[in-house]
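> Here is my input; please provide its structure:
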Amino acid sequence: MIRKYPVLKQSLLENQNVKYVTSTNTAVGEGSGKVIFNVETDQGMSQKGVNFAVVDHDFIETLGIKMVKGREFQQDMPSDTLTGVVVNEAFAKRMNWTEPIGKKVELKPFIDGRVIGVMKDYHQTGMYNAIESLMLLYRPLNNVIYIKLSGSDTKQTLSFIEKKWKEIFPDQPFVYTYLSERFNRQFEADDKRGLVFTMFTVLAILIACLGLFGLASYMVEQRTREIGIRKVFGANENTILGLISKDFLILVAIGIVIAVPVAYYFMNRWLENYVYRTKIEVPLLLTAALLTILITFLTISYKSYQAAIMNPARALKAE
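Numbers count the residues shown, from 1 in each chain. Predicted coordinates:
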């Protein structure tokens, strides 16, 4: 199949909606090989463990990777397959190169190359990991194919690609995915955990609200005569509402004081699993606290309002 790749590439490029076709030996975002190379440094040649990927000449352009220095691989320069390598910014920084172009990279007897370009960093090993040093080698025949479409008539273009595939590889099924989907699948477990936690959070809030409502009903029932007496002596609805709500809000405030540092600690511990992560800041914690108080107030406000507008004469008759 790899030997027939050039035929497939040429056939696909006949369609104007196919902008680029390229290949590599390892899928983007799913890691790369690692080998000990001899790399030129200020102290001479030194052995370094290097992450590398083998790519077609137009891989960089197809993926939209930007070049920082030098140039990318060129098909009309056969020497690139023998001596040309492209490294990322992390690689150049790791080697402390002030001028990366022309630096030697060797893996005897297979590779005796020099750096021809420096590209911007991209996530070859996925989003869970920090960007590592990476080197690209140019080989025209590889087993992972990337096709960049123009974006118009996508369905028709995919049918065209499938037709050409079956003509060249009649015994092989035509299977494809979008690169964005492959990246998104890395976070499927996080999405599922997020859904589970959201469902349990909503359930916990509903149970807590039912408990608060029941407790508020019980408290109003116990203090009916007190409320009636206060109203007789001139207490208005706002005073009664504040009287009943105050006790609940004080308890909730105590709970918030206990919960905030615990939540902050465990959320930060969880976020340590990610290289690229958000920060738990004070505004977020304050928002959560205010929402908790608001939910509490809304839950008990109905019974509190009923007590506030109750006829004092009726309240005084209550046993």
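> List the buried residues in stretch 284-301.
285, 289, 292, 296, 297, 299, 300 (16 or more other CB atoms under 10 Å). No exception for glycine: its C-beta is placed from N, CA and C like everyone else's.
> my bad, should have said stretch 48-67
48, 50-60, 62-63, 65.
> Count the neighbours of residue 206 for me.
For residue 206, the neighbour count with other CB atoms under 10 Å is 10.
> how about the helices of this protein, start to end?
5-12, 59-62, 79-83, 89-94, 154-168, 179-185, 188-222, 224-232, 237-271, 282-308, 312-317 (DSSP state H).
> Tabulate these in TSV, adding columns for distance to residue 106 and mean pLDDT.
Shown next, in TSV, are these (distance: least, CB to CB, whole Å; pLDDT from 0 to 100):
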stretch	distance to residue 106	mean pLDDT
helix 5-12	28	94
helix 59-62	22	94
helix 79-83	10	83
helix 89-94	15	94
helix 154-168	37	95
helix 179-185	32	87
helix 188-222	40	87
helix 224-232	89	70
helix 237-271	41	86
helix 282-308	51	84
helix 312-317	93	58
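> To residue 113, which of these lies closest?
Closest to residue 113 of these, according to CB to CB: helix 79-83, at 4.7 Å.
> List the buried residues of the closest one.
Neighbour-count burial for helix 79-83 [16+ other CB under 10 Å]: 80, 83.
> Between the helices of the chain, which one is closest to residue 24.
helix 59-62 (5.9 Å).
> For the closest one, give me every contacting residue.
19-24, 67, 72-73, 86, 119, 136, 146, 148 (CB atoms under 8 Å, 6 or more residues apart in numbering).
> Now tabulate these in TSV and tack on distance to residue 41.
Below are the contacts of helix 59-62 laid out as TSV (distance: CB to CB, whole Å):
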residue	distance to residue 41
19	39
20	35
21	37
22	31
23	32
24	27
67	23
72	24
73	24
86	18
119	20
136	20
146	33
148	36
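> Could you tell me the end-to-end distance of stretch 26-39?
23 Å (CA to CA, to the nearest Å).
> distance between it and the chain's centre?
Stretch 26-39 sits 23 Å away from the centroid of its parent chain (CA atoms, centre = their mean, to the nearest Å).
> Quick check: mean pLDDT of that stretch?
Computed over stretch 26-39, the mean pLDDT rounds to 90.
> buried ones in that stretch?
For stretch 26-39, by 16+ other CB under 10 Å, it's 26, 28, 29, 32, 37, 38, 39.
> can you tell me how far the nearest residue to the last one once chain neighbours are set aside sits from residue 107?
Nearest-residue entry for residue 39: residue 48, 4.7 Å, with adjacent residues in sequence omitted and distances by CB to CB, 6 or more residues apart in numbering. Using CB to CB, to the nearest Å, residue 48 is found at 11 Å from residue 107.
> Residue 85 now?
Residue 85 is 10 Å from residue 107, by CB to CB.
> the more surrounded of those two?
residue 85 (23 against 16).
> and that one, what is it in contact with?
Counted by CB under 8 Å, 6+ apart, residue 85 has contacts 105, 111, 113, 114, 115, 116, 135, 136, 137, 138.
> Tell me how far it lies from residue 48.
13 Å.
> and if you look at residue 255?
54 Å.
> Just give me the longest strand of this structure.
strand 44-55 (DSSP state E).
> Counting by contacts, list what it packs against.
strand 18-24, strand 33-41, strand 104-107, strand 134-138 (3 or more CB pairs under 8 Å, 6 or more residues apart in numbering; DSSP states H and E).
> rerun at 6 Å
In terms of contacts (3 or more CB pairs under 6 Å, 6 or more residues apart in numbering; DSSP states H and E), strand 44-55 is packed against strand 33-41, strand 134-138.
> Now tabulate those strands in TSV and tack on distance to residue 2.
What follows is the helices and strands packed on strand 44-55, written out as TSV (distance: least, CB to CB, whole Å):
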stretch	distance to residue 2
strand 33-41	17
strand 134-138	15
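> ok, which pair from the buried residues of stretch 26-39 is furthest apart?
Farthest apart among the buried residues of stretch 26-39 - using CB to CB - are 29 and 38, which lie 28.5 Å from each other.
> circling back: can you flag the buried ones in the contacts of helix 59-62?
For those, buried by 16+ other CB under 10 Å: 20, 21, 22, 23, 24, 72, 73, 86, 119, 136, 146, 148.
> Nothing else from me, thank you.
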